[in-house]
Each structure stands twice: as C-alpha cells, then as structure tokens.
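> Provided below for reference: sequence and predicted model.
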Amino acid sequence: MIEVNVADNYITLESGCTWAQVHQALEGKGVTTGYWGPLSGINATVGGALSQNSAFFGSGIHGTVANNVLGVTVLLANGEIVTTGSGGRINTKPFTRYAGPDMTGLFLGDTGALGLKLAATMKLVPEAKDQDFLGFGFKDMKSMVLAQAEMSYLYAIATSFGIDRSKAINSASVNKLADGPKIIGNVAKAAKGWVQGVKDVVSVVTTGENYLTEHECSLHLVVEGRSPQDLKNNMEALRDIGNKHGVEISNAAARVMRSKPFNPVRGMLGSDGQRWVPIHSVFPMSEAARVVAANDAYFESQRALIDQHGIILSYLTMTVAGEFFFEPAFYWTDEITPLHSKSMGEDVVAPWISRKANVEAREAVATLRKGIQSVYLGLGGVNWQIARDYPFKEVQKSPTWALLSALKTAVDPDGIMNPGSLGLSR
C-alpha cells in the first residue's frame, strides 16, 4: 500500500499488491474498493487486473476494476513515469479521475501494450452493513439468464455467479460446503452477532453437499441494501424474479464464498485433474437469451468432436453492472504442465503427474474455442484479457484502429512494450 485515505475516499496501491492484501488492509475501516477482486485474489495482483480488466466481487453493482480506478502511474517505453487523473497534477491529491482528458482509460485493459503499470489509485466506497444471500435453481440456462437479466436492473446484487450442473460437478474450485472446520469458522465469523452466526452455520452444515447438482443451473447472490428496510425490499424483489423463472434453493454457496472470498487457486484443473481452459465474452444484457441459444446451437453442431475426445463443457455467468458475462470452459484429460505444478503445488497435482500428453484432444479444444469465439463476435460480444488470444484488430473500425496504432507509436515508437499484444506491431 502507498496510501489509504478514508477521508477523501481513495486508496493508492502498488501494482504487485494482491487483492487479498488490499482486502486485509481495509478490514475494519468501514470502506472497500467497489470492485474488490477476482476469485483468484489470493494470488492475482492489482496490476494484472488493470492490464486485463477483471470482474467478480462487488461487480454486480460497481462493474469491473476499470470502472473503479481514479488514476494510474505508468512506466513508458522511454523510461518516463507518468501519472494520470488528478494525481498527475502539481500539488493535487489523486482523488478524481476526471481532471481533463481521461488518460487513465488508455492504460486499462491494454494488456501491457502501452505501458507498465506501477501503481493505481482506486475509489473507496462505504462497506455494506446490510447484506444477505440467495440461491435459485433453474431447469435450463435460458431460464437462469432471463432471471439474471431481470435482476440486474435492481442494482441490488453486489456479487453473483451462475453455474450449470457440469460446472458444479467438474470444477474443483467450487468449495465443498462441509469442507472442515475452517469454512464453518469463516461463516460464523462473517455473521452479525453470535446468534446469527449459529443460524448461518446450521444452514450451511445441514445443506447437502450435492445440492448444486439437483438443478440444471443454479444462481448464487450476495445482496446488499442501504438500510435494513432497503435490504428487505431487495430480497423480496429478487425472490419474486427468481421464483418466476426457477425455484429458491439454499444460499449456502454464496454464504460460504463470501465468508472467505480468497481461497487457494484450484480451478486450473478439474476435480479429476482434467486440464481446464475458459473462453468468455461480454454482451448487452438484452442479448443474454439470444447468446445462450446461439451457444447451444454451435456446440450441438460440434457434438461428434466433443464426444470423440471426451471433452466436458461447463458454464459460468455473471451480471457486471448491467452487462452480461458468459464464460464456457472446457475440461479434457491431458498431461500436467510445470505451470500447474508451480501454481497449485506439487502435492495437489501429484495424483495426475504421470498422465501422458493428449495432443489430439488439446487441438480439438483449440478448434472449439476458435469456433465459439467467432459465434460471439458475430453476436456483437466484446472481450477482456485480449492480449494475443482474442481477435481485436479484425473487429475494429478503421478509424478506431488507426487512432490506437497512433497512440502505440507515440508512447512506444520502437514497439518494446509487450510486442504483438492487441495485434499492435509496434
């Protein structure tokens, strides 16, 4: 941390700071950053999120990390260090982003192509005092996303995630509800008072571990209100919507996730050590049902390839401040790489370390990812984490691409900053 300024509603952070460290630094201060980290926040850094864009905790109301940044300090290719926002002025605090042209936005989501982020200032907001949890089950993905779209207009959901049955079965990052005394202790600690803590623990303990697989899809919500009455109103409105499209189920998944938000990263492999890779796109909320229909049609057309290689599909959905985030993921049997061992620990990957390479299945997954990318682009989707993995230059209007290329030339004339990222040649 460089500065925590509660009085002026901002925090300045070095880019190497993890989101778990940010969360810990603000604990007990009554404030938080609006967006306060991804699920992988125990390892993920502020700088990584700034370069790639990111959403999860707090994103239902506050959007992505980019929506919450007031200014950045960036190292340019020529060695100069510049600060954007009001922090770039002489004798001015970094309290606002808008102090002239919005240069901050140039360096957010650029995947390091325009400069190296050294630090960032984020706005602080009051921590929600009134909070509750909901869960809903649905017969299919379309029903769930229709509920999510309708719920999003209430701006009452701080954090949400929707998953399908396959995700619940195959993702090793979905916490077991009875995973020992640590989770139980976290749930009790997160409650308001010991009486509520006992109730919350009983609710989690008495929920069957397999309840997430009882419906084709399930939605899990952390709900906030500006007052107890506002929270009550929000809960009632959300229940009405959820029960119109599906049925209310236990809120244990959302409660457990919120009680200990930053757990060790385990989602890089499936529950049986399968390799995992996601693909995502972001759409206007009104397009959610159409996206699901087109997605289903594409993968049904590829059923023979999927079955041939034993590829498993799963889904994660989110609403991000009025936008629809859709993320299919692929699981397949393949060799364990050094990256998996380093990221997750040799003890975790030990049961599968001797698996042989499965190049054919890996290539099939690459084909499917490229195909569904094309479908999403055709539907008007956009991407984060672009780097070299998502089409970018191809989908830009000519004047827009010309402007970005000119900016790249201005700040990095020799093309030394992450060369090739975003499709920029220099």
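Structure's in. What do you need?
> What are the structural domain limits within the chain?
The chain resolves into domains spanning 3-125, 130-259, 275-378, 393-423 when parsed by automatic domain parsing.
> how about JSON lines for the ones you listed, with mean pLDDT, mean neighbour count and distance to Leu269 added?
The way it works is simple: take the backbone N, C-alpha and C, and place the C-beta from them, glycine included. Shown next, in JSON lines, are the domains of the chain (pLDDT from 0 to 100; neighbours: other C-beta atoms under 10 Å; distance: least, C-beta to C-beta, whole Å):
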{"stretch": "domain 3-125", "mean pLDDT": "96", "mean neighbour count": "20", "distance to Leu269": "14"}
{"stretch": "domain 130-259", "mean pLDDT": "80", "mean neighbour count": "18", "distance to Leu269": "6"}
{"stretch": "domain 275-378", "mean pLDDT": "96", "mean neighbour count": "17", "distance to Leu269": "6"}
{"stretch": "domain 393-423", "mean pLDDT": "95", "mean neighbour count": "14", "distance to Leu269": "27"}
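> Now render those domains as a markdown table, adding distance to Trp384.
Listed next are the domains of the chain as a markdown table, based on distance: least, C-beta to C-beta, whole Å:
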| stretch | distance to Trp384 |
| --- | --- |
| domain 3-125 | 4 |
| domain 130-259 | 16 |
| domain 275-378 | 7 |
| domain 393-423 | 12 |
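> so Thr367, which of the three states?
Assigned with DSSP: H, G, I helix; E, B strand; the rest coil, Thr367 falls in the helix class.
> where's stretch 48-57 relative to the chain centroid, distance-wise?
7 Å (C-alpha atoms, centre = their mean, to the nearest Å).
> and it, how far apart are its ends?
16 Å (C-alpha to C-alpha, to the nearest Å).
> Please apply the same query to stretch 12-22.
End-to-end distance for stretch 12-22, by C-alpha to C-alpha: 10 Å.
> got the contact list for that stretch?
Residues outside stretch 12-22 that contact it (C-beta atoms under 8 Å, 6 or more residues apart in numbering): 1-3, 5, 11, 33, 36-38, 41-47, 49-50, 87, 94, 117-122, 262.
> for stretch 417-426, same thing?
76-77, 110-116, 386-388, 392-394, 404-405, 408-409, 411-415.
> ok, 10 Å please
51, 74-77, 109-116, 386-394, 396, 401, 404-405, 407-409, 411-416 (C-beta atoms under 10 Å, 6 or more residues apart in numbering).
> Give me the subset of the contacts of stretch 12-22 lying in helices.
Among the contacts of stretch 12-22, the ones falling in helices (DSSP state H) are 46-47, 49-50.
> For those, work out which two are farthest apart.
In terms of C-beta to C-beta, the ones in helices among the contacts of stretch 12-22 reach their longest pairwise distance at Gly47 and Ala49, which sit 7.3 Å apart.
> hey, what's in contact with both of these two?
Common neighbours of Gly47 and Ala49 (C-beta under 10 Å, 6+ apart) are 15, 117, 120.
> would you turn the residues you listed into TSV with distance to Ala25?
Shown next, in TSV, are these (distance: C-beta to C-beta, whole Å):
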residue	distance to Ala25
Ser15	15
Lys117	19
Ala120	14
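> Out of those, flag the one nearest to Leu305.
Nearest member of the shared contacts of Gly47 and Ala49 to Leu305, counting by C-beta to C-beta, is Lys117, at 39.7 Å.
> Tell me who's in contact with that closest one.
So, once contact is read as C-beta under 10 Å, 6+ apart, Lys117 ends up touching 14-16, 45-51, 69, 72-75, 107-108, 110.
> Lys167 too?
Residues in contact with Lys167 (C-beta under 10 Å, 6+ apart) are 161, 173-174, 212-213, 217-218, 312-317, 327-329, 331.
> Could you rerun that using 7 Å?
314-316 (C-beta atoms under 7 Å, 6 or more residues apart in numbering).
> Shouldn't it be within a strand?
No - assigned with three-state DSSP, Lys167 falls outside any strand and is helix.
> From Asn251, how far off is it?
18 Å (C-beta to C-beta, to the nearest Å).
> Which strand or helix spans Leu231?
For Leu231, the host element (DSSP states H and E) is helix 228-245.
> and that helix, what does it pack onto?
With contacts defined as 3 or more C-beta pairs under 7 Å, 6 or more residues apart in numbering; DSSP states H and E, helix 228-245 has these neighbours: strand 130-138, helix 141-152, strand 217-225.
> what sits up against it?
Helix 228-245 has contacts (C-beta under 7 Å, 6+ apart) with 130, 132, 134, 136, 138, 143, 146-147, 150-151, 154, 156, 221, 223-225, 248.
> will you turn the ones in helices among the contacts of stretch 12-22 into CSV that also has distance to Ile81?
Below are the ones in helices among the contacts of stretch 12-22 laid out as CSV (distance: C-beta to C-beta, whole Å):
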residue, distance to Ile81
Val46, 17
Gly47, 14
Ala49, 20
Leu50, 15
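> from these, which is closest to Ile372?
Ile372 has its nearest neighbour among these in Ala49, at 24.5 Å by C-beta to C-beta.
> Might one say that the closest one is in contact with Asn67?
No - if you go by C-beta atoms under 7 Å, Ala49 and Asn67 don't touch, sitting 11.7 Å apart.
> For the host helix or strand of Thr73, C-alpha coordinates in CSV please.
Element membership for Thr73, per DSSP H and E: strand 69-75. Below are the C-alpha coordinates for strand 69-75, written out as CSV (Å, rounded to 0.1, in the frame of the first residue of the first chain):
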residue,chain,number,x,y,z
VAL,A,69,-9.8,3.3,-11.0
LEU,A,70,-9.1,7.0,-10.4
GLY,A,71,-5.6,7.1,-11.8
VAL,A,72,-2.6,5.0,-12.7
THR,A,73,1.2,5.5,-12.5
VAL,A,74,2.8,4.0,-15.7
LEU,A,75,6.3,3.4,-16.9
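> Give the other helices and strands that it contacts.
Against strand 69-75 (3+ C-beta pairs under 7 Å, 6+ apart) you get strand 81-83, strand 116-126.
> Among these, which comes closest to Gly100?
So among the helices and strands packed on strand 69-75, strand 81-83 is nearest, using C-beta to C-beta, at 12.6 Å.
> what sits up against the closest one?
71, 73-76, 88, 118.
> Distance to Val365 added to these, as a markdown table?
Below are the contacts of strand 81-83 laid out as a markdown table (distance: C-beta to C-beta, whole Å):
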| residue | distance to Val365 |
| --- | --- |
| Gly71 | 40 |
| Thr73 | 39 |
| Val74 | 35 |
| Leu75 | 36 |
| Leu76 | 38 |
| Gly88 | 44 |
| Leu118 | 36 |
